[in-house]
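Participant: got a predicted structure plus its sequence, pasted below:
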Amino acid sequence: MKGLVVVALVLGYASVVCAENMRMADAWTVCQVPAYGQQTAGLSTVPSAILTSAAREATRGARYGRFTFGPDTVVTVALRTADAGQELLVDANADGDFGPDERAVVATADQRPPGFGKSGAEVWLMRLNKPFPRLAAFRMHSFGMMLVCALRGYAEAQMPAAEGAVRIAVVDANANMLADYGIDLVYADLDGDGALDPRTERATLQDVMALGPHVIRMTAAGPLEQLSWGRMTSGTSAVTFAIAGLTSAPHSLKATLSRRPSGAYRVEVLGEPIELPMGVYRVESLSLRAAAADGALWAYQFASSDALRAFEVDTPTATVELLGELSVTVECADRARPGREITVSANVTSATGLRLGSCGPADFSAPGGAGAPPATACLVGPDGATVGPECAFSYG
């Protein structure tokens with residue numbers, strides 16, 4: 001097929017069908033496997049600034065820690081010595097105070113999360129109210145001066161399959177009440193034996209996942225309680241790639257695409273439809289040779305960056321922009337202060353998240369073309385003179 005080299009042949013999948021919200025299960029385990037994550041906070045004798053003055057005064061001499069749940073909920077704890085031993089106070093409603101009902105209780109043997117700390121070590125329980133109601137367990141870290149928190153509950157769903165429903169469970173691995181791609185764990189009972197094998201039935205949460213023969217789309221809106229899933233159906237799409245900023249056809253083009261859950265492809269033409277499996281893609285790199293405004297041939301090399309954006313191919317036909325608008329960000333090596341010399345540099349990034357790594361005049365007569373120099377974005381001083389891609393000057 002013209003313009004497309006298939007590096008890995010995989011089936012294509014379209015958009016999700018019948019997306020459903022996962023439901024929360026209130027348990028410490030799923031199929032005898034621990035279904036909780038852990039978060040650790042250091043303890044300090046300095047009270048948190050979030051606490052009210054009355055709370056700081058009432059807990060004078062305690063050791064304090066802070067746990068973050070959801071995008072911005074901070075729960076403060078205070079560990080102090082009481083007549084009956086150590087006592088843990090938990091700001092369960094995150095209002096900066098310790099109410100009379102915010103004293104954690106010591107867990108009995110059957111209340112402890114399985115495998116949570118050494119047997120016999122003290123574990124405290126407290127039901128948190130924000131950002132979502134969840135039972136939390138706390139214990140001292142083995143190294144001391146740190147407190148460990150585990151949250152009860154996981155997200156689950158039943159995925160219909162020809163051989164019967166497949167149970168899916170998502171575990172909040174870092175105990176922060178958020179659905180985090182690449183961190184949280186997904187279990188799927190693929191063989192239907194009612195058990196979960198961590199070696200063959202566990203993966204990290206991704207937006208598109210292959211669970212055995214099934215491909216599903218996980219949509220994380222933030223909290224684990226709002227995680228939704230849906231099965232993706234097979235299909236292909238006629239995709240046309242474009243670069244809006246080009247006024248004429250490029251001399252040469254090589255774009256590398258990655259596809260989730262698997263697959264890699266190379267695009268070498270613009271403006272002509274290419275059959276691609278449906279799925280979620282990213283442009284990982286782009287090598288372009290094109291005529292500049294003065295007619296000279298230039299080579300441009302773009303590479304992936306942390307801002308790389310994914311695009312979904314889920315319709316019979318689609319048009320995809322490889323670059324989009326270019327933006328320049330200027331970085332300073334130090335803070336600007338009167339009398340201090342600072343170093344300024346510029347980075348060029350496309351709307352699709354590609355970073356310009358190199359550019360310059362290209363010698364197309366040489367086999368393969370000459371290597372392009374590193375990309376430069378010249379800085380212009382107040383007098384209009386170009387001072388270079390990187391410069392040092394006095395401020396103030």
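Facilitator: Nice, thanks for sending it over.

Participant: Ala41 - how many residues pack around it?
Facilitator: Neighbour count of Ala41, defined by other C-beta atoms under 10 Å: 19. Backbone N, C-alpha and C define where each C-beta goes, glycine included.

Participant: and the gap between it and Asp26?
Facilitator: From Ala41 over to Asp26 the distance is 24 Å, taken as C-beta to C-beta, to the nearest Å.

Participant: ok, now Gly42?
Facilitator: Distance of Gly42 to Asp26, computed by C-beta to C-beta: 29 Å.

Participant: what do you get for Arg309?
Facilitator: From Arg309 across to Asp26, the span is 37 Å (C-beta to C-beta).

Participant: what about these two, which has more around it?
Facilitator: In terms of neighbours (other C-beta under 10 Å), Arg309 is the more surrounded of Arg309 and Asp26; the figures are 13 against 10.

Participant: quick one: residues contacting that one.
Facilitator: Contacts for Arg309 (C-beta atoms under 8 Å, 6 or more residues apart in numbering) come out as 282, 351-353.

Participant: pLDDT at it, what is it?
Facilitator: The pLDDT attached to Arg309 in the predicted structure is 84.

Participant: distance of it relative to Leu354?
Facilitator: Arg309 sits 9 Å away from Leu354, taking C-beta to C-beta as the criterion.

Participant: with Thr319 instead?
Facilitator: The spacing between Thr319 and Leu354, counted by C-beta to C-beta, is 18 Å.

Participant: between these two, which has more neighbouring residues?
Facilitator: Applying other C-beta under 10 Å to Thr319 and Leu354 shows that Leu354 carries more neighbours, namely 28 against 11.

Participant: isn't the more buried one right up against Leu308?
Facilitator: Yes. With contact taken as C-beta atoms under 8 Å, Leu354 and Leu308 are classed as touching, separated by 7.1 Å.

Participant: which neighbours do these two share?
Facilitator: Counting by C-beta under 8 Å, 6+ apart, the shared contacts of Leu354 and Leu308 are Val283.

Participant: so which elements touch the longest strand anywhere in the chain?
Facilitator: Criterion DSSP state E: the longest strand present in the chain is strand 279-291. Based on contacts counted as 3 or more C-beta pairs under 8 Å, 6 or more residues apart in numbering; DSSP states H and E, the elements that strand 279-291 packs against are strand 252-260, strand 297-303, strand 310-313.

Participant: what is the orientation angle of that strand with strand 252-260?
Facilitator: With axes from the mean of the first three to the mean of the last three C-alpha atoms, to 10 degrees applied, the angle from strand 279-291 to strand 252-260 works out at 170 degrees.

Participant: list the buried residues for stretch 350-364?
Facilitator: 350, 352-359, 362 (16 or more other C-beta atoms under 10 Å).

Participant: and those as TSV, adding distance to Asp172 and secondary structure?
Facilitator: As requested, these are exported to TSV (distance: C-beta to C-beta, whole Å; DSSP: H, G, I helix; E, B strand; the rest coil):
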residue	distance to Asp172	secondary structure
Ser350	35	strand
Thr352	31	coil
Gly353	28	coil
Leu354	33	coil
Arg355	33	strand
Leu356	38	strand
Gly357	37	strand
Ser358	42	strand
Cys359	44	strand
Ala362	51	coil
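
Participant: okay, now the unreliable bits of this protein?
Facilitator: By pLDDT under 70, the weakly predicted segments of the chain are 1-19, 233-234, 261, 333-337, 339-344, 363-396.

Participant: would you confirm that Glu272 contacts Thr240?
Facilitator: Yes. Taking contact to mean C-beta under 8 Å, the distance of 6.8 Å between Glu272 and Thr240 places them in contact.

Participant: name whatever forms a beta bridge with Ile168.
Facilitator: The residues paired with Ile168 through beta bridges, assigned by DSSP bridges, are Ala157, Ala188.

Participant: er, Phe67 I mean
Facilitator: In this entry, Phe67 is beta-bridged to Val75, by DSSP bridges.

Participant: give me phi/psi at Leu224?
Facilitator: Listed backbone geometry of Leu224 is phi -60, psi -30, with angles given as degrees, to the nearest 10.

Participant: hang on, isn't it packed against Asn174?
Facilitator: No. Using C-beta under 8 Å, Leu224 makes no contact with Asn174, being 10.7 Å away.

Participant: returning to that earlier point: figure out which of the helices and strands packed on strand 279-291 is closest to Gly235.
Facilitator: strand 310-313 (9.3 Å; C-beta to C-beta).

Participant: export that closest one as PDB, just CAs?
Facilitator: This file holds the C-alpha atoms of strand 310-313, laid out as PDB (Å, rounded to 0.1, in the frame of the first residue of the first chain):
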ATOM      1  CA  ALA A 310      -3.000  11.100  21.100                       C
ATOM      2  CA  PHE A 311      -5.700  11.000  18.400                       C
ATOM      3  CA  GLU A 312      -8.400   8.500  17.800                       C
ATOM      4  CA  VAL A 313      -9.300   6.900  14.500                       C
END
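
Participant: no further questions, thank you.
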